[in-house]
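In: Predicted model, plus sequence, below.
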Amino acid sequence: MKKIIFSFILCFLIIPLISCDFFRKEKTFNGTQIFYTSSVTVNEVDILGAYLITGGFADGDKKTVQLNKSGNTYEFRMVVKKGIEQDPAYRELTKEFAIELSDYVFNGQKVDIHLCNDKLQTLFVIPMMGTGQNSSIGQYNYAVESIESYTDDILIFYATANLRLRREPDTTRDNRITAIQRGDRVVLLETGRIDTINDITAPWFMVMTEDGIVGWMFSGYLSHIKP
């Protein structure tokens, strides 16, 4: 836990207090400002603050984060150095951090990490991956805006045929989540095992659809070019 959090500390900016109604509610935990919206409780903020202190995130240096909740998904929004949101290694750390927050702070609920500029405006969204207590493939139901946060063209793919989104990277059992139509856009979240289907050898991709549903698709029928 601490290894991940300490890695995060190195990438934070110090920003002044923003005078805006959206950031009015604030508590400070050992130098870390936590702004929070009316969608979360003070108790939730206190639990988060205690966790950040225990984990070494709130170490006395000034940092700024915000806690919000959209539907059933918590949003942990944090100010980062410009450009760090494009670093693949940093993105991987944020995925692990989201799981930690889910397990240790939010009772297994979904957590999205928002990497933000110094106005707490979202630069990039990292959806929670892995095994939070209550998370499962096909049930994330992320907001549509999440896919728009992926600005790297290399992560965007289009279906070249009518396909199925699946709970597991496997076609031998009935694990279908939903249908994907030819030309539908998805974003790559994770690369899985290599398989051969219809004489095409390619890896399985964990993807997110424009409706915000997460599942597995065989990448042999995905392309960067829209058909």
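Out: That came through fine.

In: Where is the longest helix in this structure?
Out: Ranked by residue count under DSSP state H, the longest helix found in the chain is helix 88-104.

In: same question for it, mean pLDDT?
Out: The predicted model assigns helix 88-104 a mean pLDDT of 81.

In: Same question for stretch 197-212.
Out: Rounded mean pLDDT across stretch 197-212 is 86.

In: again with stretch 123-142
Out: Here the average pLDDT along stretch 123-142 is 54.

In: Point me to the helix or strand that includes Leu188.
Out: strand 185-197 (DSSP states H and E).

In: domain ranges for the protein?
Out: Following the assignment in automatic domain parsing, the chain carries domains at 2-135, 153-223.

In: Compare the ones you listed and say which comes out lowest on pLDDT.
Out: domain 2-135 (a mean of 76).

In: tell me the phi and psi of the closest residue to Ala50 other than its chain neighbours?
Out: Leaving out its chain neighbours, the residue that sits closest to Ala50 by Cβ to Cβ, 6 or more residues apart in numbering is Phe29, at 7.4 Å. Using the backbone N, CA and C atoms, a C-beta is placed for each residue, glycine as well. For Phe29, the backbone dihedrals are phi -130, psi 100 (criterion: degrees, to the nearest 10).

In: still on that earlier bit, adjacent strands (with direction) for the strand holding Leu188?
Out: strand 156-159 (antiparallel), strand 200-209 (antiparallel) (DSSP bridges).

In: give the contact list for the nearest residue to His224 once chain neighbours are set aside.
Out: In space, and not counting its chain neighbours, His224 is closest to Phe157: 6.3 Å by Cβ to Cβ, 6+ apart. By Cβ atoms under 8 Å, 6 or more residues apart in numbering, the contact set of Phe157 is Arg185, Val186, Val187, Leu188, Phe205, Val207, Ser219, Leu222, Ser223, His224.

In: Ala98 versus the last one, what's the distance?
Out: Same thing as His224. 27 Å (Cβ to Cβ, to the nearest Å).

In: Neighbour count for the two, which is higher?
Out: Ala98 (24 against 10; other Cβ atoms under 10 Å).

In: ok, now how distant is Phe106 from Ala161?
Out: Phe106 is 39 Å from Ala161, by Cβ to Cβ.

In: same check, this time on Ser70
Out: 33 Å.

In: Nearest residue to the middle of the protein?
Out: Pro127 (1.8 Å; Cα atoms, centre = their mean).

In: separation between it and Leu189?
Out: 7 Å.

In: okay, and the common contacts of these two?
Out: Common neighbours of Pro127 and Leu189 (Cβ under 8 Å, 6+ apart) are Met208, Val214.

In: Now do the phi/psi pair for the most far-flung residue of the chain relative to its centre.
Out: Residue farthest from the centre of the chain, counting by Cα atoms, centre = their mean, is Asp199 at 34.0 Å. Asp199 adopts backbone torsions of phi 70, psi 10, taken as degrees, to the nearest 10.

In: if I pick it, what's in contact with it?
Out: Contacts of Asp199 by Cβ under 8 Å, 6+ apart: none found.

In: Helices of this structure, start to end?
Out: Using DSSP H, helices in the chain cover 2-9, 42-55, 88-104, 145-148.

In: need those in a markdown table with distance to Tyr74, can you?
Out: Output for the helices of the chain, formatted as a markdown table (distance: least, Cβ to Cβ, whole Å):
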| stretch | distance to Tyr74 |
| --- | --- |
| helix 2-9 | 17 |
| helix 42-55 | 8 |
| helix 88-104 | 7 |
| helix 145-148 | 14 |
